[in-house]
Every structure is written in C-alpha cells, then in structure tokens.
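Asker: sequence and predicted structure below; questions after.
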Amino acid sequence: MSNAKSFVRLKPIAIGIVCGVLCSAIILSLSSLLFVLTGVLIESALDFLSYIILAFSAFISGYVAGKLARQGGMVYGLISGLFIFGIIFFGGLISASATLTFVSLIKCIISLLFGSLGGIAGVNKR
C-alpha cells in the first residue's frame, strides 16, 4: 500500500518534469531556428535568453506538478524545479564540460524560485 501511495506522490512531479523539459526543448528549438533564419546572433543575449527559458520551463514544470497534486504546490514546484535544473546542469556537464560555478548557483536559485511559484499557481488555479 505504501508503494502505491508514494507512486501517487511522484506522478505529478514526473509529469511536471516531462512538461518542463518539453517546453524547454520547444523554446530552445524555436529560438535557435530564429537565430539561424535571421542571421542575427547577439552573444550577450544568449545568457539572458537561457535564464528566461530556464525560468519558464521551471515554472511550467511546477505549475503542472502543483495542478496535478492539488496540494503542497510549493514543495512539488521546488522538487520539479530542482530536477529541471539538474537535467540542464548535467546535460551541460556531459556536452560542454561545464563546471559548478556562481552562474550555476544563480540558475539553481532561479529554477527553484520559479518552480515553486509555478507550483503555488498550479494549486491555486481552479
């Protein structure tokens, strides 16, 4: 019985993470297509764009998790945001030999903040 109960608690988080990752992948694909088609690539804008995409995908992840859980939106959003950050961070480690820096800490904070805000919004949305 407890295994089924823990699965019910993890299901909103898993679905939220999948939605957040898909949202991130779609936005990244569209923005890269836009950069290729226009030929305009401002490197200083890429950092800002990566923060925006991370915040949005963490928010969506937390929102979906909170909406499905119907309670504890802040906790579900925090967990979802943490997983979104982890996926992006470890993807960066694998592909670009990124290291843990101050920027990584900022991205983690952004992900946790927007994930929890999304979870709160998801629980309170009727």
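Answerer: In hand now; what should we look at?

Asker: list the buried residues in the longest helix along the chain.
Answerer: Looking across the chain with DSSP state H, the single longest helix is helix 2-38. By 16 or more other C-beta atoms under 10 Å, the buried positions in helix 2-38 come out as 12-13, 15-17, 19-21, 23-24, 27, 31. (Each C-beta comes from the backbone N, C-alpha and C, glycine too.)

Asker: for Ile53, see how far away Lys11 is.
Answerer: Using C-beta to C-beta, to the nearest Å, Lys11 is found at 25 Å from Ile53.

Asker: find the residue at the geometric middle of the chain.
Answerer: By C-alpha atoms, centre = their mean, the chain has its centre lying nearest to Ala58, at 2.7 Å.

Asker: which strand or helix spans that residue?
Answerer: helix 43-69 (DSSP states H and E).

Asker: next secondary structure after that helix?
Answerer: helix 73-96.

Asker: residue ranges in this structure under the pLDDT threshold?
Answerer: 1-8, 98 (pLDDT under 70).

Asker: contacting residues for Ala69?
Answerer: 9, 12, 76, 119, 122-123 (C-beta atoms under 8 Å, 6 or more residues apart in numbering).

Asker: repeat that with 6 Å
Answerer: 12, 76 (C-beta atoms under 6 Å, 6 or more residues apart in numbering).

Asker: could you measure from it over to Ser50?
Answerer: On the measure of C-beta to C-beta, Ala69 and Ser50 end up 28 Å apart.

Asker: same deal with Ala96?
Answerer: 12 Å.

Asker: do the same with Ile42
Answerer: 13 Å.

Asker: higher neighbour count, the two?
Answerer: With neighbours defined as other C-beta atoms under 10 Å, Ile42 and Ser50 compare such that Ser50 has more, 16 against 9.

Asker: rewinding a little: now do the longest helix of the chain and helix 73-96, the angle between them.
Answerer: Here helix 2-38 runs at an angle of 50 degrees relative to helix 73-96 (axes from the mean of the first three to the mean of the last three C-alpha atoms, to 10 degrees).

Asker: so which elements touch helix 2-38?
Answerer: Judged by 3 or more C-beta pairs under 6 Å, 6 or more residues apart in numbering; DSSP states H and E, the packing partners of helix 2-38 are helix 43-69, helix 73-96.
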